[in-house]
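> coords please:
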Amino acid sequence: MNSLIKNSLKVPKSFQFRKRCYSSSYGPLNDVYEPDQPLLIKREMDHSRFDRMKMKGKISLEDHFAIPETLYQCEKYFMADKWNKYKQNLLDVGEKRIKQMDESGLQYAILSLNSDGCQSIWDPAESVALAKKANDALAAAVKEYPDRFGAFATLPLQDPKEAIKELRRCMNELKFQGALVNGFSQIGSADTQVYLDDPRYNEFWAEMESLNVKLYLHPRNPLPSQSAHIKDHPWLMGPAWAFSIETGTHALRLIGSGLFDRHPGLKIILGHYGELVTHNIWRTNHWASKQGRNPMGGSQGAMVKAKLPFMEYYRNNFYVTTSGNFRTIALNNAAAEIGMEKILFSTDCPFEDIAEACEWFDGAEICESDRLKIGRENSMKLFNLYHLDH
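All right, here's what the predicted structure looks like:
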């Protein structure tokens, strides 16, 4: 086996020989901090339904809101009798959402516009206008609750130059924490799809690295014209399956394009433990890397441009979140592949329930130091959120 491939498959040091450092399935009973310690990072007994230890001070990165102009994009995912509830939750970026956060020990949430957001507004001028409106609305919410909400920028990638301008405005003037892109962009007509490995985005990626912007690559459904494998099976669309296939493929395209050789400082965040990439990374690494078996990577015009094995980029340039995937086995698999330092707690609110996400995480059978890393410390380090400690 090629030495580069062999080295890329080693288990991260952060996961090697990890000890079970909890004394019960709900965490060590002596891990209740004294009252004079910071309230928001202590874990205390919660005598609720499951009598679990509740971690306070959690930070979440995949929490969505909508403006009236984008609500229609979400309605298709819900039955009519449930839509009104989700509609109200999407529009709320105030006291009701904060009350839900408080009840579950969630201190801070970085908000982002709902999917598909700007990416499905195929007229460039309309997309630019919508992005500015959404970002201004989000900036107003953050200004009102600066200790509870942060912001990911919405970017009109139908016009790369305008997207760069809006990125600079959001990072330099509005002081956002990063950007979120809802998959491919439709440009010029409804039945088009342009992915972020397209050469038209070369300047955009250079600016992202220059500004040290972290990008959350969020799912969207494939276009109907590209969904023959799902035809007549609508239950496969959305979170159940299509989101992960579409977004995971997008992430692998970025790796294969050589993007991270040109811009090694880029950081990409994937939700749902990596949109199936984490689960399949060994096989992808084994077959798609230049150093691997790679029988199809050498066809004319389709050469894999990435210099290193895929696993190297996945471990160095990607983070994953727990959003919408509340399963400890999946968390431990992600830790084994990329390390606990690359996993970030998230809820996927309001499409998932904040209480359910936090209840699972607070009671997950993981080391207490890892719980603190995933629930708080990793996000604080990545986004420089240390002001939350004060």
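> residues touching Tyr313, list them.
Neighbour list for Tyr313: Ile255, Phe260, Ala306 [criterion: C-beta atoms under 8 Å, 6 or more residues apart in numbering]. C-betas here are computed from N, CA, C, even on glycine.
> contact partners for the last one?
Counting by C-beta under 8 Å, 6+ apart, Ala306 makes contact with Ile255, Gly256, Ser257, Gly258, Phe260, Asp261, Ser289, Lys290, Tyr313.
> give me the distance between the residue lying closest to the third one once chain neighbours are set aside and Leu157.
To tie it back to what came earlier, the one meant is Ser257. Leaving aside its chain neighbours, Ser257 sits nearest to Asp197 (3.9 Å; criterion: C-beta to C-beta, 6 or more residues apart in numbering). As for Asp197, its distance to Leu157 is 12 Å (criterion: C-beta to C-beta, to the nearest Å).
> neighbour count: the two, which is higher?
Leu157 (27 against 18; other C-beta atoms under 10 Å).
> wait, doesn't the more buried one sit right on Asn182?
No - using C-beta atoms under 8 Å, Leu157 makes no contact with Asn182, being 9.7 Å away.
> any shared contact partners between the two?
Residues touching both Leu157 and Asn182 (C-beta under 8 Å, 6+ apart) are Cys118, Gln119.
> in this protein, which spans are strands?
Residue ranges of the strands in the chain, as given by DSSP state E, are 43-45, 53-55, 58-65, 106-113, 149-153, 178-181, 214-217, 267-270, 318-321, 343-344.
> touching the shortest one from outside, list them.
Contacting residues not belonging to strand 343-344 are listed as 59, 61, 269, 273, 319-322, 331, 334-335, 373-374, 378-379, 382 [C-beta under 8 Å, 6+ apart].
> go on, the fifth one?
In this structure, residues lying in contact with strand 149-153 by C-beta under 8 Å, 6+ apart are 93, 108-112, 131, 135, 138-139, 141-142, 166-167, 170-171, 174, 176-180, 216, 383, 385.
> 6 Å instead, please
With contacts defined as C-beta atoms under 6 Å, 6 or more residues apart in numbering, strand 149-153 is touched by 109-112, 135, 138, 141-142, 170, 176-180, 216.
> so what strands line up beside that strand?
Looking at strand 149-153 with DSSP bridges, its partner strands are strand 106-113 (parallel), strand 178-181 (parallel).
> would you mind putting these into JSON lines with distance to Gly339 and mean pLDDT alongside?
Shown next, in JSON lines, are the strands paired with strand 149-153 (distance: least, C-beta to C-beta, whole Å; pLDDT from 0 to 100):
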{"stretch": "strand 106-113", "distance to Gly339": "22", "mean pLDDT": "98"}
{"stretch": "strand 178-181", "distance to Gly339": "20", "mean pLDDT": "98"}
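> in TSV: these, plus distance to Ser244 and mean neighbour count.
TSV is the format used below for the strands paired with strand 149-153 (distance: least, C-beta to C-beta, whole Å; neighbours: other C-beta atoms under 10 Å):
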stretch	distance to Ser244	mean neighbour count
strand 106-113	18	26
strand 178-181	16	25
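> can you find the helix or strand of the protein with the lowest average pLDDT?
strand 43-45 (a mean of 41; mean pLDDT, DSSP states H and E).
> all helices of the stretch 101-250 of the chain, in order?
Secondary structure of the stretch 101-250 of the chain (DSSP state H, counting those that start in this stretch): helices located at 124-144, 160-168, 202-211, 242-256.
> so which of those gets nearest Met79?
helix 242-256 (18.4 Å; C-beta to C-beta).
> which residues sit against the closest one?
By C-beta under 6 Å, 6+ apart, the list of residues contacting helix 242-256 from outside reads 183, 195, 197, 219, 221-222, 236, 270, 275-277, 304, 306, 310, 313.
> and the residues you listed, which are buried?
For the contacts of helix 242-256, a burial check counting by 16 or more other C-beta atoms under 10 Å picks out 183, 197, 219, 221-222, 270, 275-277, 304, 306, 310, 313.
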